[in-house]
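J.: Structure for the following, please:
(chains A and B)
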2 protein chains.
Amino acid sequence: MRPFAGVDIGGTMTKVGVLGENFESASFCTPHDKDRLILEICKEILKLSHGKTLEGVGVGCPGAVDPNGKVDFMPNLDFEDFDIGALLKRELQTNVAVTNDANAAALAECKRNDFSDAVMLTLGTGVGSGIIIGGKIYEGANGKAAELGHMIIEADGRRCGCGMKGCLEAYASASALIAQTKRAMEADRSSFMWELCPDINAVDGKVAFEAEKLGDRAAKEVVEEYIKYLGTGIINICNIFRPEAVIIGGGVSNQGEYLLGRLRNFCLAREYGYKNAPHPQIIKARLGSLAGLYGAIELIKYKSEERNERP
Amino acid sequence: MRPFAGVDIGGTMTKVGVLGENFESASFCTPHDKDRLILEICKEILKLSHGKTLEGVGVGCPGAVDPNGKVDFMPNLDFEDFDIGALLKRELQTNVAVTNDANAAALAECKRNDFSDAVMLTLGTGVGSGIIIGGKIYEGANGKAAELGHMIIEADGRRCGCGMKGCLEAYASASALIAQTKRAMEADRSSFMWELCPDINAVDGKVAFEAEKLGDRAAKEVVEEYIKYLGTGIINICNIFRPEAVIIGGGVSNQGEYLLGRLRNFCLAREYGYKNAPHPQIIKARLGSLAGLYGAIELIKYKSEERNERP
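T.: Next up is the predicted model:
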C-alpha cells in the first residue's frame, strides 16, 4: 500500500504527517501567505515520504471548505477563496481531500474509539464541531454543515460572535466561560476566584472550576450555568443524531470527569427519548492536538477506498 | 421487477398500497389490537398484489422503531414492544423494513422533489421530523434519531409534552399555535379573532393567520412569534445539516406562501454561514396524507437495492 499524507493547518502551526510503514510527522509556523504555505506543505510531505509515491493527501484547515476542496474563508489566516485542494493536487500530482479541522478531529476521535457514528464538540475560543455518520464526515448537501456551535439554544439570548443571538457557542465556548467567570468576579469581590486569579485579565477557563472545588458559591453558579447550557447542546445532539457518543474536546475538556460526570447526569435526567432510546456516551477526546492531523489522514484513507471501489 | 408494498399505520386509519405495473391502494380503520392489525394489513396486501410474489414491504408507523423493525412504543395506539417487522415477515414471507411515519413522509417528499439531502418538519399536534441523507432515512446509530421537535431552542422555556422545557414542539406545533392564539384572545377581548371564532374551544391553527390578514394586532403578535420560533428551528437545521431543502408539512403548512415567504425572510436574515454557504430552500410538502405510504414504498425499494448489491 502506498503511503498517505495528512496536513493540519493551524492559525499558528501547521502539522504534516506521512503514514507508510511507519508514521512520521513534522510541523512549521504557518506562513501568512498562500503560495508560501503550499510550498512549505509540499516540501515537508516530500521529505517525509522519502521518494515514495503517495496514495493521497488529506487536509484539515480552520475554515469553510466547499465540496471541491476550496476554502472559501479561513478567518485566522485571513485567506479567502484559497483553492488548496487543486493547488496541492497540481504540485504533488496525487489525490487530495480537504475538510474543516473540526471535522478532521471528529473523524480521528471517532476512529480512535471505534465508533462509526459520533459527534464531537471542541470547546475553545469558539465551539467547533464535527459529525461522523457511518464512519465518514458529514459535510451537508454542498459542504458547510455541522455548525453545531451556531445551534440556537436560547432564542433572543446572548449575542454570539457570528452576529446571531443565543448560539451554543455564546454559552459553551471557553471564551463564554471566561466572560461569565469575569462577570461573576466583578459582581462578588469576596469570591475566592479573586484569590486564585488576582488579575482579572488573566482569567482562564479553569478559574471557576478550581474555585468551585474549594466551595466558592459564585464559582459554583458559573460552573452550573455552564454545564446547563453545554448539557442543553448535548441533549439536542442526542435527540437529533442519537449517535453512539458525544466526544468533548478543547481546553475545557481537561476538567475530565469533574465536568463529564455532571454533564452525563444533567443529560440523562433530561434527554428526551422514547422507551428504550439508547443513551449516547459522553466522553473526553483523547488525541489532543494531534486529532486534526490523524483525521486528515483518515479522511484521505476512506476517500481512496471510495475511489478504488468505484467501477 | 416484483411489486413493492407499503403500509402507513395511522392512529385512526391505516393505508396499504402495492406498486407493481400500476399503483393500487386501500385503507381501513386501524384496529386497536396488534394481531388484528397484522391480519388486516396482510389481507389488504394480498388482495392488492393479485397473487404476485412481493419484493418486500415497507412500513411507516407513528412510534419509535428500533433498527430491527420492532416498535418500542406507539403512543396513539397504546402498543408497546410490537415486533411488527418480524410478524409481517413471518406472515408474508418477504422482506420487511419499518420506520417512523415522519421519516417515511420525509423520504417521499424528498424523492418527489428530487432531493437527496433534506429535512422535513411536520407541524401537527407535535412536530414530527425526518432527516434524509444521501437519499436514505437517517435513523441514528441505533434508531430513534431525528427528534427535531425536541430540539431545545429556549433553555428553561415553555414546558413540552415530553416533560422537557423549551423544545421546538412547544413553540412550532399546531397545538402550540392554537394555545398561543387562545391566550392572545383571552388577553384581548376586542381582537378580531373573536369574530372569526366566537367559541374559544373551537380555535384552530388558522384563526390567528386569518385575523392577521384582516389587520388584527393581537393576531399579528401570535403569528410573528410563531414564525420567530419556527424560523429559529429551521435556522438550526440549516446550520447543522446544510441540506438542499427544509420541507414543511402538516396543517399549518397550508398557509402556503403567506407563511413560507416570511419564514424564508426570517431565516435568510439570520442564518449563520460563512461566505458562500448555500441557502437551503424552504418549501411546502406536496404529498399530503399520502406521503407516509409513498415513503414506506420508497424505503423498501432502497432496502431491496441494498440487499441486491450485497456480494
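J.: contacts, neighbours, all on C-alpha from now
T.: OK.
J.: Just the strands from the stretch 101-250 of chain A, written as ranges.
T.: Along the stretch 101-250 of chain A, counting by DSSP state E, counting those that start in this stretch, strands occupy A:118-123, A:127-133, A:136-137, A:245-249.
J.: winner for burial among these?
T.: Of all the strands of the stretch 101-250 of chain A, strand A:118-123 carries the top mean neighbour count, a mean of 30, counting by mean count of other CA atoms under 10 Å in any protein chain shown.
J.: Contacts for it, please.
T.: Contact with strand A:118-123 is made by A:102, A:106, A:110, A:127-133, A:148, A:172-174, A:237, A:243-253, as judged by CA atoms under 8 Å, 6 or more residues apart in numbering or on different chains.
J.: what bits of chain A have low per-residue confidence?
T.: Low-confidence segments of chain A (pLDDT under 70): A:272-276, A:311.
J.: okay, which residue of it is out on the far edge from center?
T.: In chain A, the residue that sits farthest from the middle, by CA atoms, centre = their mean, is A:S190; the gap is 36.1 Å.
J.: Take the strands of the stretch 101-250 of chain A and lay them out in CSV including distance to B:E80.
T.: Formatted as CSV, the strands of the stretch 101-250 of chain A follow (distance: least, CA to CA, whole Å):
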stretch, distance to B:E80
strand A:118-123, 29
strand A:127-133, 29
strand A:136-137, 34
strand A:245-249, 27
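J.: Tell me which of those approaches B:L268 most closely.
T.: Taking CA to CA, strand A:127-133 is the member of the strands of the stretch 101-250 of chain A nearest to B:L268, at 22.4 Å.
J.: Distance from the closest one to the middle of the chain?
T.: Centroid separation for strand A:127-133 versus its chain: 7 Å, with CA atoms, centre = their mean, to the nearest Å.
J.: again with stretch A:120-130
T.: On the basis of CA atoms, centre = their mean, stretch A:120-130 is displaced by 4 Å from the centre of the chain it belongs to.
J.: how far does it stretch from start to finish?
T.: Start-to-end span of stretch A:120-130 (CA to CA, to the nearest Å) is 5 Å.
J.: before we move on, back to that, OK, contacts around the residue farthest from the centre of chain A?
T.: By CA under 8 Å, 6+ apart, the contact set of A:S190 is empty.
J.: what residue lies at the spatial centre of chain A?
T.: Of all residues in chain A, the one closest to the mean position by CA atoms, centre = their mean is A:A102, 3.4 Å from it.
J.: Please report how far that one lies from B:N254.
T.: In this view, A:A102 and B:N254 are 40 Å apart by CA to CA.
J.: near chain B, which of the contacts of strand A:118-123 show up?
T.: Among these, proximity to chain B is found for A:148, A:243-244 (CA under 8 Å from any CA of the partner chain).
J.: Turn those residues into JSON lines, columns for neighbour count.
T.: Shown next, in JSON lines, are those (neighbours: other CA atoms under 10 Å in any protein chain shown):
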{"residue": "A:L148", "neighbour count": "27"}
{"residue": "A:P243", "neighbour count": "28"}
{"residue": "A:E244", "neighbour count": "21"}
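J.: Using a markdown table, please lay out those together with distance to B:R2.
T.: Below are those laid out as a markdown table (distance: CA to CA, whole Å):
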| residue | distance to B:R2 |
| --- | --- |
| A:L148 | 43 |
| A:P243 | 35 |
| A:E244 | 37 |
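J.: List the buried residues of the helix or strand where A:R264 lies.
T.: Counting by DSSP states H and E, the element that carries A:R264 is helix A:257-270. Buried residues in helix A:257-270, counted by 16 or more other CA atoms under 10 Å in any protein chain shown: A:259-260, A:263-264, A:266-267, A:270.
J.: and what of stretch A:204-213?
T.: Counting neighbours by 16+ other CA under 10 Å, one finds that the buried residues in stretch A:204-213 are A:204-212.
J.: Now distance to A:A141 too, for these, in JSON lines please.
T.: Output for these, formatted as JSON lines (distance: CA to CA, whole Å):
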{"residue": "A:D204", "distance to A:A141": "38"}
{"residue": "A:G205", "distance to A:A141": "36"}
{"residue": "A:K206", "distance to A:A141": "38"}
{"residue": "A:V207", "distance to A:A141": "41"}
{"residue": "A:A208", "distance to A:A141": "40"}
{"residue": "A:F209", "distance to A:A141": "40"}
{"residue": "A:E210", "distance to A:A141": "43"}
{"residue": "A:A211", "distance to A:A141": "45"}
{"residue": "A:E212", "distance to A:A141": "44"}
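J.: who in the stretch 1-150 of chain A is up against chain B?
T.: A:64, A:72-73, A:116-117, A:139-148, A:150.
J.: Work out for me the element A:H279 sits within.
T.: A:H279 is part of no helix or strand when elements are defined by DSSP H and E.
J.: how many neighbours does it have?
T.: Residue neighbour count, defined by other CA atoms under 10 Å in any protein chain shown, stands at 19 for A:H279.
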